[in-house]
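*Asks:* I would like to see how this sequence folds:
(4 chains)
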Protein chains: 2
Amino acid sequence: MTPHNKKIPRMSLERLPIYYRTLCNLADNGYLRIKSAQLGKIIQIEPTTIRRDFSYFGDLGKSGYGYDIAHLIQIFGEILEVNETQGLALIGVGNLGRALLINNFRRNPNLEIISAYDADPHVIGETINKVTIQPLSDLKATIQTQQIKGVISTVPSHAFQEVVDYLVDCGITSILSFAPEPVHVPKNVHVRYLDLTSEVQNLLLLAEISDV
Amino acid sequence: MTPHNKKIPRMSLERLPIYYRTLCNLADNGYLRIKSAQLGKIIQIEPTTIRRDFSYFGDLGKSGYGYDIAHLIQIFGEILEVNETQGLALIGVGNLGRALLINNFRRNPNLEIISAYDADPHVIGETINKVTIQPLSDLKATIQTQQIKGVISTVPSHAFQEVVDYLVDCGITSILSFAPEPVHVPKNVHVRYLDLTSEVQNLLLLAEISDV
DNA sequence: CCATTTTTGTTAATTAAATCACATTTATAG
DNA sequence: CTATAAATGTGATTTAATTAACAAAAATGG
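*Replies:* Residues are numbered from 1 along each chain as shown, chains lettered A, B, ... in the order given. I've put the predicted structure just below:
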């Protein structure tokens, strides 16, 4: 059959990075083919779910055979645009920001923090992992010369809306925030929240509830 | 009506920390009552969803009035056990682990990293934010004296399963991992994954797809 | 104290995701 | 080349979550 033209479900897209990473690992270890049942074991996702997910991206498998790993990597890699470096900006270089900058997606060659910003004059000018910290007001100018595909923010909640307004003004459309406070943005701008406290609270809550 | 005895949906539990935090903010700012519509505006969740979520925890509101904020905080706080300090252990004190330890849930008085572990002899013995880094093999003994409610791991994927096996052996049942590799655990043990790379990839993917 | 307004809590409807079940396709062994 | 076994891709079903719609409850203003 031919690729669906139906809209791809959000959850299938969410799993795409997991598939991609796992398949790359398998390829690195010399595997050439895989069936949905094996893959399901590895990543703990039902084989049916995997097959349906894959089907949204084309007719990728062969009955009685499985999937060609290199082919999947090729297709998924294109969708994830792993062949073009995705330049990111980091806003907020406190402890967490610093750690992110030092790590800088080392294991993911196509993601790279290429510029960093902070409000604190004490850290502006400092260079971490080859990136020199600038005042946030420099972002607009930086964007002229380097393509920024998204922003990672460790800015605390109370200052976040203000920063986001500026980011939106700069034309940024993808923001990952480590502060939980929801901000208002135009609908073409995407904000994801990564709230560590909520994650831990939910984790403990789950344990609390399930062992009753 | 009386509280449901139906099982509380996973998604409603997921939102509980958001509700709790937002209500605390409102209380701090002197607010005494809130209606689902107002709260929905703030946290960008449909009022109906909020009302249904709340209903799982009892008959918390009054028609024509709304909800008493202090009362909600009381109820949700009990469920989240915010009055007992939840001691956590950190495994892996690299850049990220270090940042987590320095922050140490400063804004959340009931969550606290009370011990930290690493494999690297160079960091063992070092004290960060009053916590002295120990060899992982000490965990079992530490648990005898201090209650550890959960573990945060920044251990890289290749070493993670081994570490988790030890954690399970120690009786740990809640683990938050910054490494994406899924591990095998008994079904009474909960593992949450917080995969920064996937988050960023999904964020960019969403932008890419939606602005076609 | 009554009429009006507000807002809840919940039943019903809708939407989205996961899973089942199987016809179809392809590989493989004889 | 054919028969058998294996595994996909997808309609049909089930399960879960969200949203709509509204009756019932309480507040408020005359």
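*Asks:* got the domain boundaries for chain A?
*Replies:* A:10-80, A:86-198 (the TED database).
*Asks:* For the first one, measure first residue to last.
*Replies:* For domain A:10-80, the first and last residues are 14 Å from each other (C-alpha to C-alpha, to the nearest Å).
*Asks:* now A:N188, what's its secondary structure?
*Replies:* Three-state secondary structure (criterion: DSSP: H, G, I helix; E, B strand; the rest coil) places A:N188 in coil.
*Asks:* follow-up on the earlier one: out of the domains of chain A, flag the one nearest DNA strand D.
*Replies:* Nearest to DNA strand D among these is domain A:10-80; the distance by C-beta to the nearest atom of the strand comes to 2.9 Å. C-beta coordinates here come from the backbone N, C-alpha and C atoms, glycine included.
*Asks:* Is it possible to get a markdown table of the domains of chain A that adds distance to DNA strand D?
*Replies:* Formatted as a markdown table, the domains of chain A follow (distance: least, C-beta to the nearest atom of the strand, whole Å):
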| stretch | distance to DNA strand D |
| --- | --- |
| domain A:10-80 | 3 |
| domain A:86-198 | 14 |
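*Asks:* ranking these by burial, who's on top?
*Replies:* Counting by mean count of other C-beta atoms under 10 Å in any protein chain shown, domain A:86-198 has the highest mean neighbour count of these, with a mean of 18.
*Asks:* quick one: average pLDDT of that domain?
*Replies:* Mean pLDDT, computed over domain A:86-198, is 97.
*Asks:* cool, and stretch A:23-30?
*Replies:* On average, the pLDDT along stretch A:23-30 is 97.
*Asks:* Past the longest strand seen in chain A, which element shows up next along the chain?
*Replies:* Scanning chain A for the strand with the most residues, using DSSP state E, yields strand A:111-118. Per DSSP states H and E, the first helix or strand lying C-terminal to strand A:111-118 is strand A:127-128.
*Asks:* hmm, stretch A:204-212 touching DNA strand D?
*Replies:* No. Residues of stretch A:204-212 contacting DNA strand D under C-beta under 7 Å from any atom of the strand: none, with a closest distance of 12.5 Å.
*Asks:* which of the residues in that stretch are buried?
*Replies:* Going by neighbour count (16 or more other C-beta atoms under 10 Å in any protein chain shown), the buried part of stretch A:204-212 is A:L204, A:L205, A:L206, A:A207, A:E208.
*Asks:* what does the lengthiest helix in chain A rub up against?
*Replies:* In chain A, with assignment by DSSP state H, the single longest helix is helix A:10-28. Residues outside helix A:10-28 that contact it (C-beta atoms under 8 Å, 6 or more residues apart in numbering or on different chains): A:34, A:39, A:42-43, A:45, A:49-50, A:52-54, A:56, A:69-70, A:72-73, A:76-77, A:79-80, A:82, B:180, B:195, B:197-198, B:201-202, B:205-206, B:209.
*Asks:* With stretch A:73-88 instead?
*Replies:* For stretch A:73-88, contacts defined as C-beta under 8 Å, 6+ apart pick out A:16-17, A:19-20, A:23-24, A:27, A:57-58, A:60, A:109-115, A:146-152, B:200-201, B:204-205, B:208.
*Asks:* now the closest residue to A:Y166 other than its chain neighbours: how far from DNA strand C?
*Replies:* Setting aside the residues directly before and after it, A:Y166 is nearest to A:L136 in space (C-beta to C-beta, 6 or more residues apart in numbering or on different chains), at 6.7 Å. Between A:L136 and DNA strand C the computed distance is 35 Å (C-beta to the nearest atom of the strand, to the nearest Å).
*Asks:* okay but A:L136 is in contact with A:A119, surely?
*Replies:* Yes. At 6.4 Å, A:L136 and A:A119 qualify as touching, with contact defined as C-beta atoms under 8 Å.
*Asks:* in chain A, which spans are strands?
*Replies:* A:33-34, A:61-62, A:66-68, A:86-91, A:111-118, A:127-128, A:131-135, A:150-153, A:174-177, A:190-193.
*Asks:* helices or strands up against the first one?
*Replies:* With contacts taken as 3 or more C-beta pairs under 8 Å, 6 or more residues apart in numbering or on different chains; DSSP states H and E, strand A:33-34 sits against strand A:66-68.
*Asks:* quick one: the strand it packs on near DNA strand C?
*Replies:* No. Using C-beta under 7 Å from any atom of the strand, strand A:66-68 stays clear of DNA strand C, coming no nearer than 8.9 Å.
*Asks:* got a pLDDT number for the residue nearest to A:N202 when sequence neighbours are not counted?
*Replies:* With C-beta to C-beta, 6+ apart as the criterion, A:N202 has its nearest non-adjacent residue at 5.9 Å, and that residue is B:E14. On pLDDT, B:E14 comes in at 97.
*Asks:* With the one 5 residues further on instead?
*Replies:* The per-residue pLDDT reported for B:Y19 equals 98.
*Asks:* roughly how far apart are it and chain A?
*Replies:* 10 Å (C-beta to the nearest C-beta, to the nearest Å).
*Asks:* Quick check: residues of chain A near DNA strand C?
*Replies:* By C-beta under 7 Å from any atom of the strand, the residues of chain A that approach DNA strand C are A:9-12, A:45-46, A:48-49, A:52, A:62-65.
*Asks:* same thing but 6 Å
*Replies:* A:P9, A:R10, A:M11, A:E46, A:T48, A:T49, A:R52, A:K62, A:S63, A:G64, A:Y65 (C-beta under 6 Å from any atom of the strand).
*Asks:* Farthest pair within those?
*Replies:* A:R10 and A:G64 (31.5 Å; C-beta to C-beta).
*Asks:* Isn't A:A37 up against A:T48?
*Replies:* No. At 9.8 Å, A:A37 does not count as touching A:T48 under the criterion of C-beta under 8 Å.
*Asks:* check contacts around the closest residue to A:I102 other than its chain neighbours.
*Replies:* In space, and not counting its chain neighbours, A:I102 is closest to B:N95: 4.6 Å by C-beta to C-beta, 6+ apart. B:N95 makes contacts with A:R98, A:A99, A:I102, A:N103, as judged by C-beta under 8 Å, 6+ apart.
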